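Participant: Predicted structure and sequence below. I'll ask about it afterward.
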Number of protein chains: 2
Amino acid sequence: MSSKRQTNSAGLRRDIELLEVLGKYEVEHKSGLGVIRIAEMAGREKTQVSRALATLAEQGLVDRDPNTMFYRLGWRLYALSAQTFEAHLTSVAAPYLRRLAELAQETTHLCVLRHDEVLTLSTAAPAHGFRAVWEGLTSPAPSTSAGRVLLCEWDETSLAAKWTPEALASVMGQRIFKSTEELSDELKKVRQQGFSVVDEEFEIGVVGCSAPIRDASGRIVAAINIGAPKARLESKLDQAARLTRKVANELSQTLYSPS
Amino acid sequence: MSSKRQTNSAGLRRDIELLEVLGKYEVEHKSGLGVIRIAEMAGREKTQVSRALATLAEQGLVDRDPNTMFYRLGWRLYALSAQTFEAHLTSVAAPYLRRLAELAQETTHLCVLRHDEVLTLSTAAPAHGFRAVWEGLTSPAPSTSAGRVLLCEWDETSLAAKWTPEALASVMGQRIFKSTEELSDELKKVRQQGFSVVDEEFEIGVVGCSAPIRDASGRIVAAINIGAPKARLESKLDQAARLTRKVANELSQTLYSPS
């Protein structure tokens, strides 16, 4: 019985990992994959993978192109995702992101922390509507301004457990924060300011700023971010950070005020 | 071996159905559900459901609220959905939907056909940015103008197989199309016009119009729709339909022209 349980959970986990394989691939290629290649990438046997994909296709979690017979991520993921908290947040935040993009004349992002990584939910660019570059992708929390906002109220114990010097080195190389204390000091500053700035710490040539979105109890649930080429934004970075904080505060009030 | 296969697929199918249960519930309540209620709604045993939810939570397909211990749909659905064809279509279509909403001064929708139902991918409203009312929800194809656009190039055999008089009656009551032929005649008209209009056939007091979005080979892959109160739009419905057709044609060219 105990062994049967493990088999079932392990099976479900492996089948869900097929979605990850398709997701990673599609980011780069936007087409689809054949069963043989999917099995290779997942390190599994072809007939097993074929059977799992058929079941996932029945449920609409993957789609199969009738011409190429290639699989890709399916429409039901899109339909289900519309019912998530993340979709609700994205929908309410959209006009605020667009307004900030117009005011700052820079690209803005809505970000949340998931499994210790920063997930970008949506993006707005001035005068172009949406740009999808980062949507659905993750980046390491300590190296981005949004991540520092999302970590800034973690207690010392959680910080020390997760962001050991080894963990910091693995996500950021030699660039910054050689110890948990250095990260913790930076997060204290972020908490006091109500915003965070980074200067080429996430990517060479890029600066950014972020501010927190809070729920009704004051807990930080998301961040609004501006990222831009250093040459363009550096001199106005502090001003952009204050503007971001203002728009984030307004969004917090809209999201969680009783209506 | 054959029995083991069936067990695995059936298990995966049942576990995916838990996502459907959560999705349906969240549409109405926007909070989450406890294990006991989820097991009741799925008609399954509590310990089995608890185990499946734990695995789904590990993978981020469901999230568990640390305070209430209730489950809801998870962040990874949102992250994966950003890599789907549907998300790509939504992103490219967004400025077109917004422009049509401003031109017509009515709410516009982007719709696709999935499992014989019309799925609304996104919505734009004049001067308000996004409205999320219909996003991720489905409606019966023959009763909406978007559905008729999406069905209008089905061959007679497929139409007759799916839209029997019984199937038509079950989705539309007594209102319209008592036979497949009546539906087929309407679809011929839609094909000739390049747009579709409905007058209270989907909902009393509501009129609407839709036009097709085509891929590079000319196949219909989506529809743009306007829906509005009859009192406001009825006199301008034909004009709105032609405007929708124009914007849909422009979107088709952007989506599929080699760049």
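Facilitator: That came through fine. These numbers were taken from a predicted model, which means no experiment stands behind them.
Participant: any weak-confidence spans in the stretch 1-150 of chain A?
Facilitator: Counting by pLDDT under 70, the stretch 1-150 of chain A contains low-confidence ranges at A:1-8, A:25-30, A:127-135.
Participant: State the number of residues packed around whatever residue of the stretch 151-259 of chain A ends up closest to chain B.
Facilitator: When Cβ to the nearest Cβ is the measure, the stretch 151-259 of chain A has its nearest residue to chain B at A:Ser217, with 9.8 Å between them. For every residue, glycine as well, the C-beta is placed using N, CA and C. For A:Ser217, the neighbour count with other Cβ atoms under 10 Å in any protein chain shown is 8.
Participant: so A:Ala228 sits right up against A:Glu106, yeah?
Facilitator: Yes. With the criterion set as Cβ atoms under 8 Å, A:Ala228 and A:Glu106 qualify as a contacting pair; they are 4.6 Å apart.
Participant: Compare the two (neighbour count), which wins?
Facilitator: Here A:Ala228 and A:Glu106 are set side by side on neighbour count (other Cβ under 10 Å), and the busier one is A:Glu106, at 24 against 21.
Participant: Where do the strands of the stretch 151-259 of chain A begin and end?
Facilitator: For the stretch 151-259 of chain A, the strands defined by DSSP state E, counting those that start in this stretch cover A:196-199, A:206-214, A:220-229.
Participant: Need those in a markdown table (columns: distance to B:Leu19 and mean pLDDT).
Facilitator: Below are these laid out as a markdown table (distance: least, Cβ to Cβ, whole Å; pLDDT from 0 to 100):
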| stretch | distance to B:Leu19 | mean pLDDT |
| --- | --- | --- |
| strand A:196-199 | 35 | 92 |
| strand A:206-214 | 26 | 94 |
| strand A:220-229 | 22 | 93 |
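Participant: Let me know which of those strands is tucked in deepest.
Facilitator: Ranked by average neighbour count under the criterion mean count of other Cβ atoms under 10 Å in any protein chain shown, the strands of the stretch 151-259 of chain A are headed by strand A:206-214 at a mean of 26.
Participant: So is that one next to chain B?
Facilitator: No. Strand A:206-214 stays out of contact with chain B when judged by Cβ under 8 Å from any Cβ of the partner chain, the minimum separation being 15.3 Å.
Participant: now the helices for the stretch 101-250 of chain A?
Facilitator: Taking DSSP state H, counting those that start in this stretch as the criterion, the stretch 101-250 of chain A contains helices spanning A:145-151, A:156-162, A:165-172, A:180-193, A:230-233, A:237-256.
Participant: tell me the most buried of those?
Facilitator: Among the helices of the stretch 101-250 of chain A, the stretch with the highest mean neighbour count (mean count of other Cβ under 10 Å) is helix A:145-151, at a mean of 28.
Participant: which helices and strands sit right next to that helix?
Facilitator: Packed against helix A:145-151, as judged by 3 or more Cβ pairs under 8 Å, 6 or more residues apart in numbering or on different chains; DSSP states H and E, are the following elements: strand A:107-114, strand A:117-124, helix A:180-193, strand A:196-199, strand A:206-214, strand A:220-229.
Participant: could you dump that helix to CSV, C-alpha only?
Facilitator: Written as CSV, here are the backbone C-alpha positions of helix A:145-151 (Å, rounded to 0.1, in the frame of the first residue of the first chain):
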residue,chain,number,x,y,z
SER,A,145,15.3,44.8,-7.2
ALA,A,146,11.9,43.1,-7.2
GLY,A,147,13.4,40.1,-5.4
ARG,A,148,14.9,42.2,-2.7
VAL,A,149,11.5,43.9,-2.2
LEU,A,150,9.8,40.4,-2.0
LEU,A,151,12.5,39.2,0.5
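Participant: Contacts for that helix, please.
Facilitator: A:109, A:111-113, A:118, A:139-142, A:159, A:183, A:186-187, A:190, A:195-198, A:202, A:208-212, A:220, A:222-225, A:227 (Cβ atoms under 8 Å, 6 or more residues apart in numbering or on different chains).
Participant: so how far is it off the chain centroid?
Facilitator: Taking the mean of its C-alpha atoms, helix A:145-151 sits 12 Å from the chain's own mean (Cα atoms, centre = their mean, to the nearest Å).
Participant: ok, now which ones touch A:Val197?
Facilitator: Going by Cβ under 8 Å, 6+ apart, A:Val197 touches A:145, A:207-209, A:237-238, A:241.
Participant: Closest to B:Tyr96 out of these?
Facilitator: The shortest gap between B:Tyr96 and any of the contacts of A:Val197 belongs to A:Gly208, at 30.1 Å (Cβ to Cβ).
Participant: and that closest one, what does it touch?
Facilitator: Listed by Cβ under 8 Å, 6+ apart, the contact set of A:Gly208 reads A:144-146, A:197-198, A:202, A:225-228.
Participant: what sits against the residue lying closest to A:Glu182 once chain neighbours are set aside?
Facilitator: The shortest distance from A:Glu182 to any non-neighbouring residue, by Cβ to Cβ, 6 or more residues apart in numbering or on different chains, is to A:Ile176 (7.4 Å). Residues touching A:Ile176, when contacts are defined by Cβ under 8 Å, 6+ apart, comprise A:142-143, A:182, A:201.
Participant: Would stretch A:59-71 count as contacting chain B?
Facilitator: Yes. With Cβ under 8 Å from any Cβ as the threshold, stretch A:59-71 lies in contact with chain B, specifically through A:59-61, A:63.
Participant: what's that stretch in contact with?
Facilitator: Residues from elsewhere that reach stretch A:59-71 (Cβ under 8 Å, 6+ apart): A:18-19, A:22, A:31-35, A:38, A:53, A:56-57, A:72-77, A:79, B:13, B:16-17, B:85, B:114-115.
Participant: Give me the subset of those residues lying in helices.
Facilitator: Under the assignment DSSP state H, the contacts of stretch A:59-71 contribute A:18-19, A:22, A:35, A:38, A:53, A:56-57, A:75-77, A:79, B:13, B:16-17, B:85 to helices.
Participant: Looking at the residues you listed, spot the one nearest B:Leu255.
Facilitator: Checking those against B:Leu255 with Cβ to Cβ, the nearest one is B:Phe85 at 10.8 Å.
Participant: Counting neighbours, what do you get for the closest one?
Facilitator: For B:Phe85, the tally of surrounding residues (other Cβ under 10 Å) stands at 21.
Participant: same thing with A:Thr68?
Facilitator: If you count neighbours by other Cβ under 10 Å, A:Thr68 ends up with 12.
Participant: which residue is nearest the centroid of chain A?
Facilitator: Residue closest to the mean C-alpha point of chain A, counted by Cα atoms, centre = their mean, is A:Leu119 at 0.7 Å.
Participant: beta partners of it?
Facilitator: A:Val112, A:Thr138 (DSSP bridges).
Participant: I'd assumed B:Gly74 was in contact with it.
Facilitator: No. Judged on Cβ under 8 Å, A:Leu119 makes no contact with B:Gly74 at a distance of 11.3 Å.
Participant: so how far does stretch A:187-198 reach from one end to the other?
Facilitator: Between the opening and closing residues of stretch A:187-198 lies a distance of 12 Å (Cα to Cα, to the nearest Å).
Participant: I misspoke; the intended subject was stretch A:33-53.
Facilitator: The first and last residues of stretch A:33-53 sit 11 Å apart, counting by Cα to Cα.
Participant: contacting residues for the closest residue to chain B within the stretch 101-250 of chain A?
Facilitator: Evaluated by Cβ to the nearest Cβ, the stretch 101-250 of chain A has A:Gly136 as its residue closest to chain B, separated by 2.6 Å. For A:Gly136, the contact set (Cβ under 8 Å, 6+ apart) comprises A:119-120, B:78-83, B:87.
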